[in-house]
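1. Build the 3D model from these lines:
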Amino acid sequence: MPTVALATEFDDYDAEIYRALLALTMQQDVVRWPTELRFNGCRSVRHLMEPFLRQAEKSDVRHALFAIDNDGGARRHPEHDDLHDVAAQARDEVDGCRHCWLTDALPAWWTEGGRRAAIVVPVQTLETWLLTLRGDDLLPSAEQVYNRDVLKKRFFGRPKPPITVCRDQALTLLKQDDALERLRRRPSFRRFEVAIDSWRVHPSE
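-> Numbers count the residues shown, from 1 in each chain. Prediction:
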């Protein structure tokens with residue numbers, strides 16, 4: 001049962017959804033490593049990456065996941081492409097790829113000695129995946145809907161329920177028998193699976 005250091009934009013919601021996504025994809029229970037550091041927004045995830053990993057290393061944690069929303073637009077924060085020049089994209093904080101922006105900040109020492117890290121950036125928001133799970137027809141596609149609030153409102157409705165209700169709503173969807181099949185319709189989710197593929201080779205770590 002792997003213990004994973006999870007750094008997300010919202011500790012009380014996103015982190016638990018990603019823990020469940022990891023468990024679903026890896027087909028085994030995943031334990032979230034407890035930390036006193038608190039994340040609030042994408043910049044905190046990047047800014048606290050180094051001290052977060054230093055603390056995880058001291059606790060002998062060997063797996064870390066960093067996740068933020070794409071928060072993109074027609075000309076801003078493009079969806080990640082493997083052909084991106086990571087350093088160039090990362091330098092452009094206004095318009096550059098968010099996936100590259102996080103990848104560039106990941107310290108090289110973390111992956112030395114067999115430790116693993118995954119960078120996850122759903123397009124445009126985590127709720128894109130949840131809407132796909134629910135079976136919503138996303139027309140135009142989520143990759144073309146640039147306002148995250150539109151997608152969040154579509155999933156949660158208005159007024160937005162308490163965070164515990166939001167979390168339970170999402171976790172219930174992840175328990176569907178065809179959850180993985182549905183999620184794989186999103187290119188950003190398929191990249192997430194690729195990122196953690198090597199984790200499955202060493203489930204005891």
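2. Without its sequence neighbours, what residue ends up closest to residue 20?
-> Residue nearest to residue 20 in three dimensions, not counting chain neighbours: residue 174, with 5.0 Å by Cβ to Cβ, 6 or more residues apart in numbering. Quick note: C-beta positions are derived from backbone N, CA and C, even for glycine.
3. For the one you found, give me its contacts.
-> By Cβ atoms under 8 Å, 6 or more residues apart in numbering, the contact list for residue 174 reads 17, 20, 21, 24, 133.
4. where exactly do the strands run in the protein?
-> 3-8, 31-32, 63-67, 116-120 (DSSP state E).
5. Which strands or helices does the shortest one pack on?
-> What that stands for is strand 31-32. strand 3-8, helix 14-26 (3 or more Cβ pairs under 8 Å, 6 or more residues apart in numbering; DSSP states H and E).
6. ok, 7 Å please
-> strand 3-8 (3 or more Cβ pairs under 7 Å, 6 or more residues apart in numbering; DSSP states H and E).
7. starting at the chain centroid, how far to the strand it packs on?
-> 10 Å (Cα atoms, centre = their mean, to the nearest Å).
8. quick one: strands adjacent to it?
-> Strand 3-8 pairs in its sheet with strand 31-32 (parallel), strand 63-67 (parallel), by DSSP bridges.
9. How about residues contacting the first one?
-> Here strand 31-32 makes contact (Cβ atoms under 7 Å, 6 or more residues apart in numbering) with 1, 3, 4, 6, 15, 19.
10. Roughly how far does residue 145 sit from residue 102?
-> 22 Å (Cβ to Cβ, to the nearest Å).
11. Run a quick neighbour tally on residue 100.
-> Look at residue 100: counted by other Cβ atoms under 10 Å, it has 24 neighbours.
12. Revised request: answer the last question for residue 110.
-> 19.
13. thinking again about what came up before, of the contacts of strand 31-32, just say which sits nearest to residue 151.
-> Lowest distance from residue 151 to these (Cβ to Cβ) belongs to residue 15, with 19.5 Å.
14. Identify the residues contacting the closest one.
-> 6, 8, 32.
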